[in-house]
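A.B. asks: Take this sequence and fold it.
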Amino acid sequence: MAKPTISDLAKAAGVSVTTVSHAFSGRRHVDPETRKRIQSLAERIGYHPSSAAVALRSGRTGTIALASSMPFAVAAGPSRLGFLMEIAASAAMSALTRNLALCLIPPHPSAKSYVSAGFDGVILVEPMRDDPVLAHFEQRQTPIVSIGTVPDRPDIPAVDLRSRDTASLLLTHLEEQGCRNVMALVGASQRTSQIESRAAYGAFAQTHGHAPRLLALDEEEGEEIAYRATLAALRDDPRIDGIFAAVDAFASGAVRAAQELGRRIPEDLRLVTRYDGLRAKLSRPPITAVDLHLPDIAERAVELLLDRIDGKPRMIEAAMPELVPRRSSTL
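C.D. replies: This next block holds a predicted model:
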């Protein structure tokens, strides 16, 4: 028997070929009951959409990408299960339910294959001001959305991560735990999360009358630079009783430094960090962090990208982050 065609399926379902196409692509609304009936009939008669034919008709590859210029030490780290990978796992599942493949472009100098690859669209994770990855895809006229707003680029659709709210939440927690001399370890990069963390700390110090001690560190050096900077700061000013680390790798370095100096956590020094990943959970003691709701953010970023591809750009604000108190800041 000849393979059933899309026309055969449309006739059997009593709908148009266009409706069948949309039922499988997920790019246009189809009544849920109608979609279910079409898919059930397709399975019964053995119809499978041709990916080559779909690409030829639509002019699309059926593949989207997830990319970041974040330093490897921050985005992945020793476990390879960091911030970027948590987003990637959820985004891949979201894409798959829409019959799309997701290609992860790792944050590593050797990952240059994206130069010649073609994608229907790209989700950028926390791009910085004048980001070279952003410039590359803009030059290729690839639709782009961002997880985290792009500094000075309100024209790029984004899921706003509410980084200032996150930093304020953590700093307020330290204040409530009795900290009166809080130091901040913040990335020196021009990413919105670090720009807003620096602003939140400045406002916090001014409001509460704290002498500001903000260290802007090179994220490329990850845990090691935070270890050295914290070691020097704690030796210089033993009154420091709280540390806000805007990058989880910085928090790991701060814990090492405190332990080397015999500063007990949390009795002598309380510590918090932005991302509730493996570093925070497996640290000794475990580090107070924030649930950023990354699976939901990844899902919404995929939706945002599909809207952008269809010519409907928009901005989305993520849900309010939630504090995850742990032993590093609470007795």
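
A.B. asks: Run through the strands of the stretch 101-250 of the chain in chain order.
C.D. replies: Secondary structure of the stretch 101-250 of the chain (DSSP state E, counting those that start in this stretch): strands at 101-105, 121-125, 144-147, 158-160, 182-187, 213-217, 242-245.

A.B. asks: can you put the ones you listed in TSV and add mean pLDDT and mean neighbour count?
C.D. replies: No exception for glycine: its C-beta is placed from N, CA and C like everyone else's. What follows is the strands of the stretch 101-250 of the chain, written out as TSV (pLDDT from 0 to 100; neighbours: other Cβ atoms under 10 Å):
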stretch	mean pLDDT	mean neighbour count
strand 101-105	92	18
strand 121-125	96	25
strand 144-147	97	26
strand 158-160	98	22
strand 182-187	98	26
strand 213-217	97	19
strand 242-245	98	29
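
A.B. asks: could those be laid out in TSV, adding distance to Ser252?
C.D. replies: Formatted as TSV, those follow (distance: least, Cβ to Cβ, whole Å):
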stretch	distance to Ser252
strand 101-105	24
strand 121-125	20
strand 144-147	23
strand 158-160	26
strand 182-187	11
strand 213-217	13
strand 242-245	8
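
A.B. asks: what's the closest of these to Asp310?
C.D. replies: For the strands of the stretch 101-250 of the chain, proximity to Asp310 was assessed by Cβ to Cβ; strand 121-125 is nearest, at 10.1 Å.

A.B. asks: who touches that closest one?
C.D. replies: Strand 121-125 is contacted by residues 64-68, 70, 75, 83-84, 87, 91, 131, 133-134, 137, 142-148, 150, 301-302, 305-306, 308-309 when judged by Cβ atoms under 8 Å, 6 or more residues apart in numbering.

A.B. asks: Partner strands of it, with direction?
C.D. replies: Sheet pairing of strand 121-125 (DSSP bridges) gives strand 63-67 (parallel), strand 144-147 (parallel).

A.B. asks: and these as JSON lines, adding distance to Asp31?
C.D. replies: As requested, the strands paired with strand 121-125 are exported to JSON lines (distance: least, Cβ to Cβ, whole Å):
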{"stretch": "strand 63-67", "distance to Asp31": "26"}
{"stretch": "strand 144-147", "distance to Asp31": "28"}
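
A.B. asks: I'd like to know which of these lies nearest to Arg37.
C.D. replies: Among those, if distance is taken as Cβ to Cβ, the winner is strand 63-67, at 28.2 Å.

A.B. asks: what angle sits between that closest one and strand 101-105?
C.D. replies: 30 degrees (axes from the mean of the first three to the mean of the last three Cα atoms, to 10 degrees).

A.B. asks: Is the closest residue in space to Val20 that isn't next to it in sequence part of a helix or strand, or is it coil?
C.D. replies: Among residues not flanking Val20 along the chain, Ala10 sits closest, at 4.8 Å (Cβ to Cβ, 6 or more residues apart in numbering). Under DSSP: H, G, I helix; E, B strand; the rest coil, the three-state class of Ala10 is helix.
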